[in-house]
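>>> prediction below, plus the sequence it came from.
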Amino acid sequence: MAGHSKWANIQHRKGRQDKLRSKLFSKLAKEITVAAKMGDPDPDKNPRLRMAVKEAKSSSVPKDVIDRAIKKSQAGEGENYDEIRYEGYGPGGIAVIVEAMTDNRNRTASTVRSTFSKNGGNLGETGSVGFMFDRTGEVVYPASVGDADTVMMAAIEAGADDVQSDEESHVIYCADTDLNDVSTALEAELGESESTKLIWKPNMTTEVDVEGLTKLMKLIDLLEDDDDIQRVTANFEASDEVMSAFAEA
């Protein structure tokens, strides 16, 4: 997939935001609880928590849900979650990274391995596909915030590395360690972002056809349906023709 907006279009087309609304809220709340447990419960003093709260707000998570998630961390909950990264290959040899947050490693590993094997993929060792991705900070703004040149200048001044702009959005990338500083500087210049998070950004991609994309999205959907899975990333690229055919299927 060549861009943020294409990925967003697939998710909207699948109806995942509506279909899995409560599941999404639960996963975002879990991230907030763990982030608050690991650091200060004040988002202004805890960069990871600040980003988790911002991501939750961008997904329309209610304020009371966010507040409850932070309070959970102070009540001693959320301390037994382990953060685990699984790596493997999906249908057609597409590299896939699965980020999990679980209180039972054996359960999650078994589920992930089974889901890969039953859907044309295979789970590999940690590092087996990681070299095809870079850990990167990503900040997304709607196209309406300004033209490409305006956003590019703001991004450069904020210390970002790259900007990809299209008719729907501006996607700004920066070093993972700079995300908090870059997003704060951008917020002062451009206002609140749509999304601010750490991602695994493919540094090499594999082209897929409609059949391949359909099989891959089935695998990703099944993985994301699991409560222990926080995020799934794949290094595929699809042409506009493939995207259109997939959307119409």
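That came through, no problem.
>>> only C-alpha atoms for contact and neighbour calcs from this point on.
Noted.
>>> measure the residue lying farthest from the centre of the chain to Pro47 for me?
Summary for the chain: using CA atoms, centre = their mean, the residue whose C-alpha lies farthest from the chain's mean C-alpha position is Ala75, with a distance of 27.6 Å. Between Ala75 and Pro47 the computed distance is 21 Å (CA to CA, to the nearest Å).
>>> show me where pLDDT drops low in this protein?
Segments of the chain classed as low confidence (criterion: pLDDT under 70) are 1-20, 76-79.
>>> longest strand in it, by number of residues?
Using DSSP state E to define each element, the chain has its longest strand at strand 133-142.
>>> which strands or helices does it pack on?
Using 3 or more CA pairs under 8 Å, 6 or more residues apart in numbering; DSSP states H and E as the contact criterion, the elements in contact with strand 133-142 are strand 169-175, helix 179-190, strand 195-202.
>>> paired strands for that strand, with orientation please.
Here strand 133-142 has these sheet partners by DSSP bridges: strand 169-175 (antiparallel), strand 195-202 (antiparallel).
>>> can you state the direction angle for that strand and helix 179-190?
With axes from the mean of the first three to the mean of the last three CA atoms, to 10 degrees defining the directions, strand 133-142 sits at 20 degrees from helix 179-190.
>>> report how many residues lie close to the closest residue to Ala56 other than its chain neighbours.
Using CA to CA, 6 or more residues apart in numbering and skipping residues adjacent in sequence, the residue nearest Ala56 is Leu28, 5.9 Å away. Counted by other CA atoms under 10 Å, the residues lying close to Leu28 total 22.
>>> got the buried residues for the biggest helix by length in the chain?
In terms of residue count, the longest helix belonging to the chain (DSSP state H) is helix 21-38. Along helix 21-38, the positions that meet the burial threshold by neighbour count (16 or more other CA atoms under 10 Å) are 23-37.
>>> against which helices or strands is the helix or strand containing Asp64 packed?
Applying DSSP states H and E as the criterion places Asp64 in helix 63-74. Applying 3+ CA pairs under 8 Å, 6+ apart, we find helix 63-74 packed against helix 21-38, helix 47-58.
>>> buried stuff in the last one?
The one in question is helix 47-58. The neighbour-count criterion (16+ other CA under 10 Å) identifies Pro47, Arg48, Leu49, Arg50, Met51, Ala52, Val53, Lys54, Glu55, Ala56, Lys57 as the buried residues of helix 47-58.
>>> would you list those residues in a markdown table and tack on distance to Val98?
Formatted as a markdown table, the entries for the buried residues of helix 47-58 read as follows, by distance: CA to CA, whole Å:
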| residue | distance to Val98 |
| --- | --- |
| Pro47 | 23 |
| Arg48 | 19 |
| Leu49 | 21 |
| Arg50 | 23 |
| Met51 | 20 |
| Ala52 | 18 |
| Val53 | 21 |
| Lys54 | 22 |
| Glu55 | 19 |
| Ala56 | 20 |
| Lys57 | 23 |
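>>> returning to what we had before: of the helices and strands packed on helix 63-74, which approaches Thr126 most closely?
Each of the helices and strands packed on helix 63-74 was checked against Thr126 via CA to CA, and the shortest separation belongs to helix 21-38, namely 21.9 Å.
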